[in-house]
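Colleague: The following block contains a protein sequence and its predicted model.
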Amino acid sequence: MKTVNIHEAKTHLSRLIEQAMEGEDFIIAKAGKPMVRVSMISDAAPQRLGFLAGQAAVPDAFDRMAEEEIADLFEGQP
């Protein structure tokens, strides 16, 4: 099992989490002393990317719209 120091864990947290999600547990140490073990939660729900695809429309001019117009879109105003 890989051991990383706190500074390395902060610097590379996203990558370390991805590795843990793939089953590669790791230990975070402080001054060489193991402090915590990070591992995937086995019953965690899978990420559902794209599950709303096709269910919303973004106007072509969205990036040029006034803040109030955008707020109206979210609040259901015409």
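Modeller: Yes, it's here.

Colleague: so how far is Met21 from the most centrally placed residue in the chain?
Modeller: Note on the chain: the residue nearest the mean C-alpha position is Ser14, at 8.0 Å, using C-alpha atoms, centre = their mean. As for Ser14, its distance to Met21 is 11 Å (criterion: C-beta to C-beta, to the nearest Å). From N, CA and C alone the C-beta is placed, and that goes for glycine too.

Colleague: Can you mark which positions in the lowest-mean-pLDDT helix or strand in the chain are buried?
Modeller: In the chain, the helix or strand scored least confidently by mean pLDDT, DSSP states H and E is helix 67-75, which has a mean of 83. Along helix 67-75, no position meets the burial threshold by neighbour count (16 or more other C-beta atoms under 10 Å).

Colleague: chain center to that helix: distance?
Modeller: 26 Å (C-alpha atoms, centre = their mean, to the nearest Å).

Colleague: How about stretch 5-17?
Modeller: With C-alpha atoms, centre = their mean, you get 14 Å for stretch 5-17.

Colleague: And for it, what's in contact with it?
Modeller: 4, 26, 28-30, 32, 35, 38 (C-beta atoms under 8 Å, 6 or more residues apart in numbering).

Colleague: quick one: the helices in this structure?
Modeller: In the chain, the helices defined using DSSP state H lie at 6-11, 13-21, 67-75.

Colleague: which intervals of the protein have sub-threshold pLDDT?
Modeller: For the chain, the stretches flagged by pLDDT under 70 are 44-46, 77-78.

Colleague: repeat that for 80
Modeller: For the chain, applying pLDDT under 80 flags the ranges 42-49, 56, 58, 73, 76-78.

Colleague: Distance to Leu49 for the helices of the chain - can I get that in CSV?
Modeller: As requested, the helices of the chain are exported to CSV (distance: least, C-beta to C-beta, whole Å):
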stretch, distance to Leu49
helix 6-11, 25
helix 13-21, 14
helix 67-75, 22
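
Colleague: can you tell which of the ones you listed is closest to Phe51?
Modeller: Closest to Phe51 of these is helix 13-21 (C-beta to C-beta; 18.4 Å).
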